[in-house]
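Student: Provided below are the primary sequence and the corresponding predicted coordinates.
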Amino acid sequence: MTTRHLMAVNLRGLWGTMQAMRSTLSDRQAVWAFVLGCIAVTFGVCAHLPMFAMARSMHYRLAGMPMDSMMLFGMALIVLGTLTAAYGLLPRNVAAQRTAAADIIVAPPEDAALGLAHWGLMAVLVIALIIDVMKPASLGFTVPGMVSEYGVPKKTVSLVPFFALAGTVVGSVLWGWIADLYGRKASILLSAVMFVGTSICGAMPSLAWNIAMCFMMGAAAGGMLPVTYALLAEMMPSRHRGWSLVLVGGLGAVGGYFAASGMSAVLQPIFGWRILWLANLPTGLTLVVLGAFIPESAKFLLARGRTSEAEAVMRRFGAKAQRAGPAQHAQKGVSHALTGIGLYGQLAALSLCALSWGLINFGVLLWLPADLVAKGYSVGVSSRLLAESALIAFPTVFVAALLYSRWSTKGALLAMTAITLAGLLLVLRLELAGIGSPVLPVALLIVGTNGIIAIVLPYVAESFPLRVRARATGWVAACTKGGGLLAQGLTIGGITLSMGRSSLLVMVPTALSLVLVAVFGRETRGRDLRELDATNGPSIFVER
């Protein structure tokens, strides 16, 4: 292929991207405002880079240095730019849109085959989730550097992941509302703009500023996963929905951890821990570009009156739209209580499973890099070992999706929980022995925990009747964050446990969740979700 042909291909690709972005930004308050906001945020971040570069001779240590006028101006640009971009993405005539959306139901096809559009959407969303997950995953790899540079104890540095997790809780709630108001695609673009802005964590001279920026980063990251799941649920054929959610969520989680550990292994020995935050600049801008390849929600387009665009999206993915009937309207706003030992037992089992995941992911795994450094490993070596563990875990995501779709949904969750327990046992053995490689124990933990988080939310959605499904899924999702907040709260309170003791304590709720899921869990593979609402009373929920 000649240079001229390559240029022609690149120009066509760029033109396609511009056309897709123009479609996304049409019918908004102001396209120029979004573009101007992105530019302002990018320049605001770049205004912090000179101070970072000047600290090269001190191995990029900035603690205690005064913030110059350029940095303060950059922070103002970031705030104004984010608000301007948010205004630019806001649709016109929102009240009419929300009224119209209440009458529209977009349903994916039941038994359609997967097409190129479905696979392309899954690939783009995996990349987007990798970028999203690597933000909070980087916290553990920055902790040793923050403890050393700021000269503060571990319980003080715990405020960073605590507020980041608090941000994810806020983001999970807020971004659900934003996605309905702005549309799925535009909400992802807004997350990307915030990712770019929070990269200035890497140039903050004080720990307090890092805590504030990490809260904002968590808010942006927390909203991505539910928006991604909502978009997939609308676009994917029903018989492929379960395993596709498991696959996309699992690959995003493992890929994000691998990206964070790999970047730490390669870049942190050269540029220090701050480079992991500054990496939000290029990755956030990459996510903005990826937004061109994510389709807008058909329901949002129909509510906006953009019928031809909605029909084009539905043709690509085989979805259908219909008006809500009187019976569906009558159910709105009606409160139903959970009844029956089967429902309560199942909710307790899955809540405990989610809580255990949070304790491991934001407790054991988060502090593991610092623990390895304390044992004498260098930052580069410990990051490389954890990257190897994440690399081992990659193929198992496909195994988890296969088990979930072809073998047993309940069995797949039990298998991932059992693998997690085995990883905790090996971490405990490693701590007691005092010698050995952490690669296999950590690999098992990554395999198990990423399998759990990829499976548990789709499993919840397929296990509860429609009248309580949203509440049950939201509660279990909140429990995943609650485990992390509990782990960091203990550290902030001065309760510092060794890795072995932490693993031993986390084994208790993990083992209990394994037993409860085995007793109360229901097999959902091959079952029509409408069966859950077919009868009244608790008897249906006791069946296995």
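Tutor: Good, I have the coordinates.

Student: give me phi/psi at Glu61?
Tutor: Quick fix: residue 61 reads Arg, not Glu. phi -90, psi 120 (degrees, to the nearest 10).

Student: Excluding chain neighbours, give the residue nearest to it in space.
Tutor: With sequence-adjacent residues excluded and distances taken as CB to CB, 6 or more residues apart in numbering, Arg61 is closest to Glu149, at 5.3 Å. For every residue, glycine as well, the C-beta is placed using N, CA and C.

Student: With Ser382 instead?
Tutor: Nearest-residue entry for Ser382: Leu372, 3.8 Å, with adjacent residues in sequence omitted and distances by CB to CB, 6+ apart.

Student: Leu287 too?
Tutor: Leaving out its chain neighbours, the residue that sits closest to Leu287 by CB to CB, 6+ apart is Ala192, at 3.7 Å.

Student: show me where pLDDT drops low in the stretch 401-544 of the chain?
Tutor: Applying pLDDT under 70 to the stretch 401-544 of the chain flags residues 434-436, 466-471, 474, 494-498, 526-544.

Student: need the strands for this protein, in chain order.
Tutor: 104-107, 320-323 (DSSP state E).

Student: Give me the pLDDT for the residue nearest to Leu287.
Tutor: With respect to pLDDT, Ala192 scores 86.

Student: what do you get for Leu11?
Tutor: Leu11 carries a pLDDT value of 41.

Student: Enumerate every residue touching the residue nearest to Leu287.
Tutor: Gly284, Leu285, Leu287, Val288, Gly291 (CB atoms under 8 Å, 6 or more residues apart in numbering).

Student: Now the last one: closest residue in space that isn't a chain neighbour?
Tutor: Nearest residue to Gly291 in three dimensions, chain neighbours excluded: Leu189, at 4.6 Å (CB to CB, 6+ apart).

Student: okay but that neighbour is in contact with Leu285, surely?
Tutor: No - using CB atoms under 8 Å, Leu189 makes no contact with Leu285, being 11.2 Å away.

Student: neighbour count winner among those two?
Tutor: Comparing Leu189 with Leu285 by other CB atoms under 10 Å, the one with more neighbours is Leu189, at 25 against 19.

Student: Quick check: the gap between that one and Leu77.
Tutor: 19 Å (CB to CB, to the nearest Å).

Student: same deal with Ala253?
Tutor: Distance of Ala253 to Leu77, given as CB to CB: 33 Å.

Student: Helices along the stretch 151-300 of the chain, start to end?
Tutor: With DSSP state H, counting those that start in this stretch as the criterion, the stretch 151-300 of the chain has helices at 154-157, 159-182, 184-197, 207-222, 224-235, 238-271, 275-278, 280-290, 298-303.

Student: Distance to Phe398 for these - can I get that in a markdown table?
Tutor: Conversion of the helices of the stretch 151-300 of the chain to a markdown table gives the following (distance: least, CB to CB, whole Å):
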| stretch | distance to Phe398 |
| --- | --- |
| helix 154-157 | 36 |
| helix 159-182 | 27 |
| helix 184-197 | 25 |
| helix 207-222 | 25 |
| helix 224-235 | 17 |
| helix 238-271 | 7 |
| helix 275-278 | 28 |
| helix 280-290 | 22 |
| helix 298-303 | 29 |
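
Student: do you know which of the ones you listed lies nearest Trp32?
Tutor: For Trp32, the closest of the helices of the stretch 151-300 of the chain is helix 184-197, at 15.0 Å, according to CB to CB.

Student: okay, now Pro395: neighbour count?
Tutor: Pro395 has 11 nearby residues by other CB under 10 Å.

Student: quick one: Ile446 and Ala393 touch, right?
Tutor: Yes - using CB under 8 Å, Ile446 is in contact with Ala393, at 4.2 Å.

Student: so which of the helices of the stretch 151-300 of the chain comes closest to Thr84?
Tutor: Counting by CB to CB, Thr84 lies closest to helix 184-197 out of the helices of the stretch 151-300 of the chain; the figure is 9.6 Å.

Student: Extract the CA atoms of that closest one and return them as PDB.
Tutor: Provided in PDB are the C-alpha atoms of helix 184-197 (Å, rounded to 0.1, in the frame of the first residue of the first chain):
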ATOM      1  CA  ARG A 184     -25.100   6.800  27.500                       C
ATOM      2  CA  LYS A 185     -22.500   8.000  25.000                       C
ATOM      3  CA  ALA A 186     -22.300  11.600  26.200                       C
ATOM      4  CA  SER A 187     -22.000  10.500  29.900                       C
ATOM      5  CA  ILE A 188     -18.900   8.400  28.900                       C
ATOM      6  CA  LEU A 189     -17.500  11.500  27.200                       C
ATOM      7  CA  LEU A 190     -18.000  13.500  30.400                       C
ATOM      8  CA  SER A 191     -16.300  10.800  32.400                       C
ATOM      9  CA  ALA A 192     -13.300  11.000  30.000                       C
ATOM     10  CA  VAL A 193     -13.100  14.800  30.400                       C
ATOM     11  CA  MET A 194     -13.000  14.400  34.200                       C
ATOM     12  CA  PHE A 195     -10.300  11.700  33.900                       C
ATOM     13  CA  VAL A 196      -8.100  14.200  32.000                       C
ATOM     14  CA  GLY A 197      -8.600  16.900  34.700                       C
END
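
Student: Pull out the buried residues from it.
Tutor: 184-197 (16 or more other CB atoms under 10 Å).

Student: what does stretch 235-244 give?
Tutor: Buried, per 16+ other CB under 10 Å, within stretch 235-244: Met235, Met236, Pro237, Arg239, His240, Arg241, Gly242, Trp243, Ser244.

Student: any idea which of the residues you listed is closest to Ala487?
Tutor: Of all these, Gly242 has the smallest distance to Ala487: 29.5 Å, by CB to CB.

Student: about what we covered before: check contacts around the residue nearest to Gly291.
Tutor: Going by CB under 8 Å, 6+ apart, Leu189 touches Thr24, Phe34, Ala85, Leu89, Leu287, Val288, Gly291.

Student: Nearest spatial neighbour of Gln135, chain-adjacent residues omitted?
Tutor: Not Gln; residue 135 is Lys. Nearest non-adjacent residue to Lys135, counting by CB to CB, 6+ apart: Ala221, 4.8 Å away.

Student: was I right about that neighbour contacting Ser191?
Tutor: Yes - the criterion here is CB under 8 Å, and Ala221 meets it with Ser191 at 7.5 Å.

Student: returning to what we had before: I'd like the buried residues of stretch 235-244 laid out as CSV, including distance to Val143 and pLDDT.
Tutor: Listed next are these as CSV, based on distance: CB to CB, whole Å; pLDDT from 0 to 100:
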residue, distance to Val143, pLDDT
Met235, 38, 76
Met236, 38, 78
Pro237, 43, 78
Arg239, 43, 74
His240, 39, 78
Arg241, 37, 74
Gly242, 36, 75
Trp243, 35, 80
Ser244, 34, 82
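
Student: Give me the neighbour count for Ala208.
Tutor: 10.

Student: how close does it sit to Gly140?
Tutor: On the measure of CB to CB, Ala208 and Gly140 end up 20 Å apart.

Student: try Arg184
Tutor: Using CB to CB, we find Arg184 at a distance of 30 Å from Gly140.

Student: One more: Gly255?
Tutor: Taking CB to CB as the measure, Gly255 falls 16 Å from Gly140.

Student: what's the answer for Val515, then?
Tutor: For Val515, the distance to Gly140 equals 30 Å [CB to CB].

Student: Neighbour count: those two, which is higher?
Tutor: More crowded of Val515 and Gly140, by other CB under 10 Å: Gly140, with 25 against 13.

Student: Give the burial count for Trp119, as a bare number.
Tutor: A total of 11 residues lie near Trp119 under the criterion other CB under 10 Å.

Student: Equivalent analysis for the one 5 residues further on, please.
Tutor: For Val124, the neighbour count with other CB under 10 Å is 17.
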